[in-house]
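Novice: I'd like to go over a predicted model; first the sequence, then the structure.
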Amino acid sequence: MTADEKDLILGGEFQRATDKGLPQPSWGEIEARAGVSSRGRLRSHRKVVLALTAALTVIVVPALAFAAHAVFFDSSPAPFESAIYAFSTIGGAPGRPADEQSVVVEPRRVMTLTLSNDRTAALWAAPTIDGNYCFANQAVTGDPDSPGQGIDWGHGFDGDLGCGKRDNAFDVGYSASVSSDSSTPILVFGGSGLRDADSVEVAYEDGSTSEESAVYVSSPLDTVLFMFQIPDDHIASGSRPVELILRAADSSVLARDKALFSGLWQQYDEAVARQGESGGVTPGEETPGCEFDPSVPGVIPGPECGPIGLGYEIVSMPNSPGYQYRDVANPGNAHP
């Protein structure tokens, strides 16, 4: 266990102990509870304030650069069965057998984000056996805690996976859909292996910027992850995001990326154009005499339903480590 990890554990144990009420525990008691030694913990290179309850004293504990937004991997929400299965399909790295399982630790939900259109997104992540990480997103409509339909039940999880290298500045993906009746929010998510990262900034065509949600996830992930929605008023040309910027705590720039948004908008504009060419009408939508129910599988709309509006998925997931696909049901059919 590294000194930084010890600090993170000590801080968490202190917060959990003091949350139970006065008197406040001593550092010796906290060390015994955490099972670590605090020798050398008084370092001056970085400090973070842990916000306690109003009745308690605010303390300062040295920790990781991203501990102000830290998430403990092991104590994060556990996954549902489809998430476990999806991560198990990540096969061996280049030069390794395709059937070799690269993720042997169950993924954890490390971020939850409220989106527009009454939707909620979640980000799942897991470490790989060779020190990298993989992630997947999930989005639900309505109450995210609804039994059978909420996040914990696996609703809205499509199984698309992205993977990043621990030493890369950026490994980012995105997802959205364009259809005649509605379009889902454009969601951007990914990670950075730069442990000095403190914030993620988005620069727009109109000169404005925004700081987006990001967290440091503790060992065994030991990675900065982020997820955000592109605002509805920044989708039109002229105000779109054009650059992703990674900053340290002192606001210095650690990395920049313009290729991400360049590819996203190319795909998005192509999807919008194709949607327009299809007629932009969903069968049964304001079409007299059409009794087609799109929720019934295997039923094809008749000519009385008019032109068929198609939906287009926009998905891009990184795989900089080059992991192969592992066919769990049929070993030997794995492929890159």
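Specialist: Now that the structure is in, tell me what you want to look at.
Novice: now Ser210, nearest residue through space, not along the chain?
Specialist: In space, not counting the residues next to it along the chain, Ser210 is nearest to Val202; the distance is 5.1 Å by C-beta to C-beta, 6 or more residues apart in numbering. (Each C-beta comes from the backbone N, C-alpha and C, glycine too.)
Novice: Distance-wise, check that neighbour relative to Gly92.
Specialist: Distance of Val202 to Gly92, given as C-beta to C-beta, to the nearest Å: 35 Å.
Novice: My guess is Tyr85 contacts Val328. True?
Specialist: Yes: contact criterion C-beta atoms under 8 Å: Tyr85 and Val328 qualify, at 6.9 Å.
Novice: Name the SS class of Val188, please.
Specialist: Using DSSP: H, G, I helix; E, B strand; the rest coil, the secondary structure recorded for Val188 is strand.
Novice: Tell me if I'm right that it and His234 touch.
Specialist: No: proximity of Val188 to His234 does not meet the contact threshold set by C-beta under 8 Å, at 11.6 Å.
Novice: ok, those two, which is more surrounded?
Specialist: Taking Val188 and His234 together and counting by other C-beta atoms under 10 Å, Val188 has the greater number of neighbours (24 against 18).
Novice: gap between the more buried one and Ser88?
Specialist: For Val188, the distance to Ser88 - C-beta to C-beta - is 26 Å.
Novice: which residues touch Leu225?
Specialist: Contact analysis of Leu225 by C-beta atoms under 8 Å, 6 or more residues apart in numbering lists 110-111, 123, 125, 135, 189-192, 214-215, 217.
Novice: let's see 6 Å
Specialist: Counting by C-beta atoms under 6 Å, 6 or more residues apart in numbering, Leu225 makes contact with 110, 125, 191, 215, 217.
Novice: nearest to Ser320, of these?
Specialist: Distance ranking of the contacts of Leu225 against Ser320, using C-beta to C-beta, places Gly191 first at 10.5 Å.
Novice: For the stretch 51-200 of the chain, which residues score under the pLDDT cut-off?
Specialist: Along the stretch 51-200 of the chain, the parts satisfying pLDDT under 70 run over 51-68, 180-183.
Novice: For Asp269, report the pLDDT, please.
Specialist: As summarised for this prediction, Asp269 has a pLDDT of 92.
Novice: Can you check my assumption that it lies in a strand?
Specialist: No: secondary structure assignment places Asp269 outside any strand; it is helix (three-state DSSP).
Novice: Val202 is in contact with Ala214, correct?
Specialist: No: between Ala214 and Val202 there is no contact under C-beta atoms under 6 Å: 11.4 Å.
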